[in-house]
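Q: Requesting a structural model of the entry that follows:
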Amino acid sequence: MSNPKSIDDYFAIIRRRIHWIIWPALLIAFSGFAVATALPNIYRSEARILIEGQQVTETLVPTTVTSFVDQRIQSIVQQVMSRSKVLEIIKKFDLYKEQRDKLTTDALVDKFTEAIQILPISTEIKTSQSKSPSSLTIAFSLSFEARSPKKAQQVTNELASFFLAQNIEARKDTAKGTVDFLSMQVKTTKAELDQLQDQFSRFKEEHLEELPEFMNVNIQNLTRLDGELNNVNREIVSLEEQNVITRNQFAALDPYLGETKRVLTDEEQLQQLELKRAELRARYSDKHPTLRAIDKEIEIIGSTASGSKGLQNKMDRLKILEQELAQMRSKYSEQHPSVKKLVGQIEELKQEIEKQRKEMPASKQPEVTDSKEITNPAYLSMKSELERSEVRVKFLRKERQRILTEREELQNKLKTMPNVEKQYREYQMDYENAKNRLNELQQKLQVAKIAEGMEEGQLAEKFTLIEPPYLPEEPDKPNRKAILLIGIVLGIGVGFGLGFFREYLDHSIRTPEEVEQYAGYPVLAVIPKIASPKEVRKRRNRIIGVSVAALVVPAAGLAIFHYYVMDLYVFYYRLARFLAERYYTSF
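A: Next up, the predicted model:
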């Protein structure tokens, strides 16, 4: 088991392994110095851009740009880092001139994008809508790294200008796009509204009296028609009853009272025989010879009067139609369908009468009686009253038919009104929805136009350059002091590590204690190392040779460099300038 080492033992190890400690430490430290000196200066120019809020309150003019600031910043960053934009900036400021032939285009683009740094500047704010504070980006810094301080400033200025311009253009494009979109929507909705309005108007024209607002009117009209129909029916019944009584009275009258010269017609003779038969039936039975003779006479006269009676009926119908035609012409023109129809019926009836007159013998044709030949005033009055009553009945029947037709039409309208009302409500709802949508879009379009004007006037949220890119005076990279310190610390650590590792691998016995430990016997005496005069001279000569070589070789190298490579004064000046650029220290 080895004894613990003392401080003197460690110092002895250091003295024995001084070369293993010093030379690696010096080599690594020099390497660190060489790396720190060889690394080029990287200058960093920074600009700070403030995000100014909208100058007009959003309660008055809401903005049309709804994207977040961070989102717009990242969008612009992607535009900046696009391949075309990067190559344009590299070409414009002649960046990476020495490396352009060695690197590929993609490598140049990656190198440029790595040199850009964008850092948001946020603050914690507390709003009324949220109890906990939220982070809000109020500004951001933009920087670029380059070997030349001037180019770093120029590129940073170019990027800052691009950010400011792109933000304005992006907001303008967004506002304009919103206006264009809303304008198109307003136009489309207006065309849709016009189409719905046309359809709605046509629907109301086609179903005018079937619309919901005509419900009460139709019901009132139906009630009115029912009343009119009842009145007409009552009047027809009353007139027909009155006509029956009048005909009975009329049949009992003699139109030629006190006149014997005129020959009676078959109808008149038949009428008198029927009256006489009625009187005789009151006194005799049906088998009485007188009644049988009258019946035989009535049968003979009836057979001869049937043809003339049909002709007489047609002539009477012709008179009635002519009276109706006169009434219609007083109300309608000749082109009216009812007038044309009635004229056709009259012409057709006249042709039938004329045809029947030609077929019947002249003796059997009914005579057109002249009112002047009738001598009984009561007969004339009752006949006139009966004709007026019949005309009135015919008129009332037509009026009843008209009322029934109109009543049926009203009932059909009332039946179809629920479906019409449903379609009407659907059309009305679609029209109102389209109208409300159009009003809403027009309001939004007006607000969007105001917002667009606000964007053009730069009164909305904008980027403001509060700290323009500065010309860096000192490099941002590399940190040479840290590299030197790391080289020195690493050299010392490696040197001591190699020294102690070499000591660990060396198993030589150097002290009496180690002899006693390994031999197991006590040491009685120690014989010191005695150098001979020859060894002393040899060591002195080696020291002198090394000293002379250390002086002569550098001097000869400097002389050769001075005369064949570069003047030492110029070299010193350049070296001092180079070191000054690297370490910012005057030499």
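Q: Number of residues surrounding the nearest residue to Tyr427 once chain neighbours are set aside?
A: Once flanking residues are discounted, Tyr427 sits nearest to Phe200: 4.7 Å by CB to CB, 6 or more residues apart in numbering. C-beta: built from backbone N, CA, C; applies to glycine. The number of residues packed near Phe200 is 16, by other CB atoms under 10 Å.
Q: ok, Phe200 to Pro212 distance?
A: As judged by CB to CB, to the nearest Å, Phe200 and Pro212 stand 14 Å apart.
Q: And for Ala451?
A: 43 Å.
Q: cool, and Thr178?
A: Counting by CB to CB, the gap from Thr178 to Pro212 is 41 Å.
Q: Give me the more crowded residue out of these two.
A: Neighbour comparison, Thr178 and Pro212: the larger count goes to Thr178, with 22 against 14 (by other CB under 10 Å).
Q: Quick check: that one is in a helix.
A: Yes. Counting by DSSP: H, G, I helix; E, B strand; the rest coil, Thr178 is part of a helix.
Q: Is it correct that it is in contact with Ile450?
A: No. Between Thr178 and Ile450 there is no contact under CB atoms under 8 Å: 11.4 Å.
Q: what comes up buried for stretch 534-545?
A: Residues of stretch 534-545 include none that count as buried (16 or more other CB atoms under 10 Å).
Q: Residues contacting it, please?
A: By CB atoms under 8 Å, 6 or more residues apart in numbering, the surrounding residues in contact with stretch 534-545 are Ala531.
Q: would you list every one of the helices in the stretch 51-200 of the chain?
A: Here the stretch 51-200 of the chain has its helices, by DSSP state H, counting those that start in this stretch, at 69-80, 83-93, 105-115, 149-206.
Q: quick one, strands of the protein?
A: 43-52, 116-125, 134-146, 462-467 (DSSP state E).
Q: Highest mean neighbour count out of these?
A: Ranked by mean neighbour count, the strands of the chain are led by strand 43-52 with a mean of 20 (mean count of other CB atoms under 10 Å).
Q: Who does that one pair with, and is each partner parallel or antiparallel?
A: strand 134-146 (antiparallel), strand 462-467 (antiparallel) (DSSP bridges).
Q: ok and that strand relative to helix 69-80, angle-wise?
A: Relative orientation of strand 43-52 and helix 69-80, computed by axes from the mean of the first three to the mean of the last three CA atoms, to 10 degrees: 140 degrees.
Q: Touching strand 43-52 from outside, list them.
A: By CB under 8 Å, 6+ apart, strand 43-52 touches 69, 121, 137-149, 152-153, 155-157, 159-160, 163-164, 461-472, 475-477.
Q: List the contacts of the residue nearest to the spatial centre of the chain.
A: When CA atoms, centre = their mean is applied to the chain, the residue found nearest the centroid is Gln185 (8.0 Å). Shown in contact with Gln185 (CB under 8 Å, 6+ apart): Leu441.
Q: go on, Ile89?
A: Leu95, Phe112, Val155, Glu158, Leu159.
Q: Give me the number of neighbouring residues for the second one.
A: A count of neighbours around Phe112, defined by other CB under 10 Å, yields 22.
Q: pLDDT at the residue nearest to Tyr427, what is it?
A: Per-residue confidence (pLDDT) for Phe200: 81.
Q: So it sits against Tyr431, correct?
A: Yes. Counting by CB under 8 Å, Phe200 touches Tyr431, with 5.4 Å between them.
Q: before we move on, the earlier item: let me have the strands paired with strand 43-52 in TSV, extended by mean pLDDT and distance to Lys435.
A: Below are the strands paired with strand 43-52 laid out as TSV (pLDDT from 0 to 100; distance: least, CB to CB, whole Å):
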stretch	mean pLDDT	distance to Lys435
strand 134-146	81	41
strand 462-467	78	38
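Q: Sweet, I'm off.
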